[in-house]
Each structure stands twice: as structure tokens, then as C-alpha cells.
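Trainee: sequence below, structure please.
(chains A and B)
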Protein chains: 2
Amino acid sequence: MIKVYLDNASTTPILPAVKEAMLPYLGEDFGNPSCIHSWGDVAREAVETAREQVAQLIGGNIEEIVFTSSGTESNNFAIKGLALAQQNKGKHVVVSAIEHFSVLHSAKTLEKWGFELTLVPVDKYGVVDPDDVRKSLRKDTVLVSIMHANNEVGTLEPIREIARITREHGVVLHTDAVATAGTVPVDIKDLGVDALSLAGNQFYGPKGAGALWVKRGVRIMPLLDGGVQEGGRRAGTENVPAIVGLGKAAELAKADMTRRTEHIARLRDRLLKELPARIEHVVVTGHPQDRIPGNASFCIEFIEGESMLMLLNSQGVAVTSGSACTSRALLASHVLIAMGLSHEIAQGSLLFSFGIDNTSADVEHVLEVMPPIVERLRQMSPLYSKFIKASKGGK
Amino acid sequence: MIKVYLDNASTTPILPAVKEAMLPYLGEDFGNPSCIHSWGDVAREAVETAREQVAQLIGGNIEEIVFTSSGTESNNFAIKGLALAQQNKGKHVVVSAIEHFSVLHSAKTLEKWGFELTLVPVDKYGVVDPDDVRKSLRKDTVLVSIMHANNEVGTLEPIREIARITREHGVVLHTDAVATAGTVPVDIKDLGVDALSLAGNQFYGPKGAGALWVKRGVRIMPLLDGGVQEGGRRAGTENVPAIVGLGKAAELAKADMTRRTEHIARLRDRLLKELPARIEHVVVTGHPQDRIPGNASFCIEFIEGESMLMLLNSQGVAVTSGSACTSRALLASHVLIAMGLSHEIAQGSLLFSFGIDNTSADVEHVLEVMPPIVERLRQMSPLYSKFIKASKGGK
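Mentor: Model prediction:
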């Protein structure tokens, strides 16, 4: 059977060169970086090399990089750690309505801890208006977090403009760059943010390693207490092989970014254009231009995403409805709802996310299998029958 | 040069069979377990197999196992998550004075959040008196955490007796079993605890995977908010390869425990007996009998641990002074101080921790290189000169 992986937003494959770089640390170089002996030295040097590679990917300083276990941990650390460290100044936090749940639910946990939370809306493309951020700021606002690009619909947010506003007001700005770092150019100085989350498994690195960049001088409270690892900001024995993999993946992403982007965007653009041409009642979600290169997200009307996932899977095609982290919860995406789509339409969301291993043949396969799947599901859909009847009645 | 790794308490090597089990998940089986497609299915099944292996190691139910990124995360999750979930009942927490910093510092963070903390003392062997735990309990006590064995001096704690007391009082009992799970038999029903932390890199599994077992019905608040992974108790894309490695390591540990223990304890016992016979002014720390099999901990008087580590390293021997997580902080161990040792003596702490790859030749090498190292350092030690003068003066 043809197998087509179009779920790179959930996790990417690991590049062979990344795996190769990791293997020694799963073998004889197994030391603990905190130890004062040769095994510890080897492990520590490996971690510090990775720190430099990650710092270079985003233009940060090495001592500003804190390794974590995932993008989710980076976001939890940022939201809770930055807010708690700043709480003497105030207890008001601002995030967008379309943040990943690791940001949104962390912010809701802050609410339980006595913080107040303002959710900034988005337009129909999923774009935050910087002016809405400005209006949300109060004297007691200590943290704003707006994602660099949305993981479900791919929309890029105007972080530079938002950063100008938060800087004016002296408020810390975090951005969740899990969907962009390693995929499109991300430069912390250019963006003007104070903290930025990234995850290795989004750009051909392994699961188990993410990072939070925190600008020098910005205070943050640890999420994990214990030993003095990561400059006292994140305790726990470092996951050396995964960190090494993250570092290598960062190096390769930086070196190869233009070629990757062109390849991925070309395939994605064909699907974005052709799928709505071949199937009726398909809505492209997200911004028409300002989106990350691999993202092709749609809502297929009158159908539930879950049934499409299953039928696509039976044709060897792996995609996601909503986001990976919630796909098994089967709720309508909070992102699409915030963009103003109805629950009915949002139920039919489908995200194709392209990666460097995809080919034109993958797109052709999707374009071939999708119309009969949609046709079949619509024939079983009461909503669709109702719609057809209404259209006929209207004629 | 002879290379002798005697720092298994900091981290163990990864067994080849464990690495083998992990490799597919660093290769083509790279899926995200949350996804509804074949790649997701493979990853999810791997994680669930590992969950069963870990559950079997400690006698728990699979749905009671929450995977984390490390022992430190498990302990943070337990202390903060259990206390916060129980805070409507009261805000008093009890831990021993010799807990790992991931427990101790988490408890101190709770203090910042308005909890009160009682530290239970230990005797000269590092043993907690269950009666002291009983005395520490108040009406508003919601959590007791006492480690199963201390990571620095190896002393096993009377958890069964403590569990009887906490059960009588309806207080949740957590035990940090990072130093014991996978090394000695650990059965949660036998121990009678409500939550238990473990870490794969302590029993020949990889770094990056730990677990918290939480008894069915015991409420816990997530430390990492976000997606619905791990039954909503721990968000973030699962570190599939590391979790698979943890599971495999658990399976192998259970199958091979008796043989491993006998081998390790035999080597350790020889060092415990011979080192003090060959070097003057050596104090064995920890309990003479009730200790984990791999632990041989000493204080070498009149010397600083750090200089010994360096000279031992130059002889190819890897050991630790204090614990790995703090060795680079170079503070006198809080464990030894709590056991009543002076700062001066505690400075000379040295932990040899044996593993399954060690041999009799390793012990002989240590017994050969240690006396000249100690001799050399003592000749440079002002404390030792003072002691010698005083002894001569006293004659």
C-alpha cells in the first residue's frame, strides 16, 4: 500500500543524521553531565554543543537557552514561570484565543492561582490584531503570550508589531514558536520577544527535547525544582541523546532552510489550490498568504473530521483533524471556533502538514483518494441530505 | 588506561537490549501516539506496552502509571500536584530532611505558595523514625513524602511502618523510589504508599523517561498543562523511544533482579570492608545493613571530595561526592549534615555506586589507587597537619 505521511505538524520523522548524532549517547557516552569525571565531561560537552546549535538557530546567546522535555513543557515553563516571577508587579496575563493548549491551559491554571486572564480575539484568518493586544494591556499586566504561527491553520502572527507594543509598556512578551522555529527563519532580535518556545520534534529532531529561550535579565521561576542543572532554571538529569538530536536538527534546519521551504511550499500550494477545485464545499482555513510553508488546512463541509481521518488512513494517508494533542479528544477546534467558523463546519477540519520527505506523488495520491472518500461520507451525512434538499427546494 | 565506572547512582549505562528496543522509534516508527492513523497506532501501542512493563515492575495498574521526563519531574509532579489537589483539606506537608532536592525544593516552593512544611529528622544512619512522622502529622497535613532509599548513602527507609501511620490518619504518602525501583524489589501494595516516583536511567534504561505511579482515586493536579496525554495528567508529546526504553529496562530488571543484586552487593561489600581497612580515618556513611546493594558511601576525613574526584578521574575511576545533581554546586551534602556529620567531615564524602557491568577487578583497582591519592591529598591538607600535631601533642 502507498503510505503518505502528511502529519508533520504532529511530529516529524527523525533525520538519519540526527539519529546518528544521538546514538553514541545511547551507548558508551552515557554519562550524566553534572558529574565531575570523564563520562560527565563527554555528556556535558555534548549538551553545550547542542545549546550553541539551538542558540544559533534563533540568534540567541547560549546562556539564554534552557532545555526542556517538549514544546509543551517550554510553554508551561514560560507561562507559569514568567508570570510567577513577575507577580509582585501585577497578576494580569494576556494570551490569544488560538494558542496551543499548553499555553491556554497554563494561563487557566494561573487563573486558579489568582491571576486574571484576557483572551485576545483573532480575525477570520486567525490573525491577532496588535491593536487588540494594546487595548488588553493594563497597569498590572505582567505577561503577553502570542504564538508565532498557529499549529492548526498555519497563520503567522504579527509578532514584531506586538513586541513594539509590549516593549513600550514594559510587559514581558513570550511567543510559542513551536510551529515555526526550525521551519521558517526565526530571529529573536528581529521578533523583539523576551521568551520563545521551540521543540525538536517539529523539525526532524527527536521527541523528548524542547527549549525555552529567555532573554538575559528576564526573571523566570523554575517549573522543575531540584538540582542545579540548566543554570538552576530546570532541574533533572539532562536527556543527553535527545538534546544532542535537537542540536543537530537545529544545525541542519538552519543550513537547509531555504531549500526545504521551497520544496514543502510547492507541494502544499498545489494541494491548497487543487483540493477545493476537485471537491465542492471545501473551505481553506488560515491566512491565504501569511502561513507556514507546510500547512494546508481545510474544513470539508457536512463531514466529521474523524471519519475522514479513518478513511484516509485506510488509504495509507496520515493527517490530523484539529491538533495532534487533542485529536483523540474529538472536540471542535478552539482555533476554528475563535476564527468564527460554526461548530458544524469546524467538525470537518482536516490538516495536511507537509515535510521534507513528501513528494509530488503524495499530493497526487491525496487528490485521487479524497473525492471518493468525501463523496462516500456525504452520502451518509444527514446534514448533507438536508443541505441538498434545501438547495433543490430553493431552486 | 583502565576505566572504572562507579557512578551508577548518577546514571546507569543503557543496556544493549534496551537500546535495540528504542531504535525503531528513532527511525521509521516515529509517530505521535495521539494521532488517529497507522503511525500513531504503532507509537501508542509501544507506549502502552511500556506502561504495562512499568506497572508490572512495581505491582501497579496500568492506568495508574504516568510517564514523565525524569525522576525529578516525577517528584515535582508528586509533591506539587498531590499537595495542590488536596489543599482544600489543608496546607501542611511533611518530608524528611534527607530527601532528594527535587522533593525538598518542591516542598520549599509549596511554602512560597502558602503551605507549611515540616522536615522530619533522621538518625546517624540516615533512618527516619516512623514515630517522628506520626508526631509531625497535624489535622491539616495533606501529604507526607519519605524516600524509599537515600540516593547518597543508600539507607532504606521504613516505608511500610510509615504507610501504616499515614493510612491511619488518612494522609497521602508519596515515596521517591528513584534509587530503588528496578534495583531492589518494589511493590506498591507491600509498601502501602499512595504515589511512587521512579526513573529509567537508574536501572539501565535511558535518560528522558521516568514515571509516577498514583494510586487509583488519589487526586493530583497536572504539572504540565495542555493536551490530553497520559489521561490528562501530563501533557506533551510522549517521548516514545525513551518510554519504550524505560519499559524494556523495567522488564529486564524484574527478570534479572536477584542475579544483579547478588553480583552488585558482593562487589560493594568488599569495598565497604576493605577501604576502611586500607585507609585511616574513613567513615562508612549510611546504614550498615539496610542499604541498597550498589551503594558504598564514605567520608574520607581531612580531604575535600572534589579533589578526590579529580584524582580518581585521572586514574580512570568515576565516582561522585554528594549527589550528581549537586556535585557541581560543591556544597556539603544536606544528607550527611542531617545525619549529624560535621561540615568538615561531610566535605570528604565519596560515593561509589556499583552496577551490573562492574567486576572484581574494578574493586581491586579502586583499592589500589585510593591509598596513594588519600595520602597525597592529606599531605597538602592543613586540617590533617593540625590533626597530626594535636595527636602528637596529646601523646
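
Trainee: which helices and strands sit right next to the helix or strand hosting A:Ala163?
Mentor: Element membership of A:Ala163, judged by DSSP states H and E, is helix A:159-169. Using 3 or more C-beta pairs under 8 Å, 6 or more residues apart in numbering or on different chains; DSSP states H and E, the elements in contact with helix A:159-169 are helix A:130-136, strand A:141-145, strand A:172-176, helix A:188-191. In short, each C-beta sits where N, CA and C put it, glycine included.

Trainee: kindly recompute the last result at 6 Å.
Mentor: helix A:130-136, strand A:172-176 (3 or more C-beta pairs under 6 Å, 6 or more residues apart in numbering or on different chains; DSSP states H and E).

Trainee: need the contact partners of that helix.
Mentor: A:Pro130, A:Val133, A:Arg134, A:Leu137, A:Val144, A:Ile146, A:His148, A:Leu173, A:Thr175, A:Leu191, A:Gly192, A:Val193 (C-beta atoms under 6 Å, 6 or more residues apart in numbering or on different chains).

Trainee: next, count neighbours for the residue nearest to the first one when sequence neighbours are not counted.
Mentor: It refers to A:Pro130. Leaving aside its sequence neighbours, A:Pro130 sits nearest to A:Glu161 (C-beta to C-beta, 6 or more residues apart in numbering or on different chains; 4.1 Å). Look at A:Glu161: counted by other C-beta atoms under 10 Å in any protein chain shown, it has 15 neighbours.

Trainee: ok, now A:Asn88?
Mentor: 8.

Trainee: sec struct for it, please.
Mentor: Classification of A:Asn88 by DSSP: H, G, I helix; E, B strand; the rest coil places it in coil.

Trainee: against B:Ile303, how distant is it?
Mentor: Distance from A:Asn88 to B:Ile303, counting by C-beta to C-beta, to the nearest Å: 44 Å.

Trainee: with A:Gln53 instead?
Mentor: Between A:Gln53 and B:Ile303 the computed distance is 39 Å (C-beta to C-beta).

Trainee: give me the more crowded residue out of those two.
Mentor: Taking other C-beta under 10 Å, A:Gln53 and B:Ile303 do not tie; B:Ile303 has more neighbours (25 against 22).

Trainee: work out for me the element that one sits within.
Mentor: Per DSSP H and E: B:Ile303 is located in neither a helix nor a strand.

Trainee: contacting residues around it?
Mentor: Contacts for B:Ile303 (C-beta under 6 Å, 6+ apart) come out as B:Gly348, B:Leu377.

Trainee: next, A:Val127: secondary structure please.
Mentor: Applying three-state DSSP: A:Val127 is coil.

Trainee: what pLDDT is listed against it?
Mentor: What the model reports for A:Val127 is a pLDDT of 98.

Trainee: neighbours of it, just the number please.
Mentor: 19.

Trainee: buried sites along the helix or strand hosting A:Arg270?
Mentor: In this assignment (DSSP H and E), A:Arg270 forms part of helix A:240-278. Using 16 or more other C-beta atoms under 10 Å in any protein chain shown as the test for burial, helix A:240-278 gives A:240-254, A:257, A:260-261, A:263-265, A:267-268, A:270-272, A:275.

Trainee: cool, and stretch A:184-193?
Mentor: For stretch A:184-193, burial by neighbour count (16+ other C-beta under 10 Å) applies to A:Val184, A:Val186, A:Ile188, A:Leu191, A:Gly192, A:Val193.
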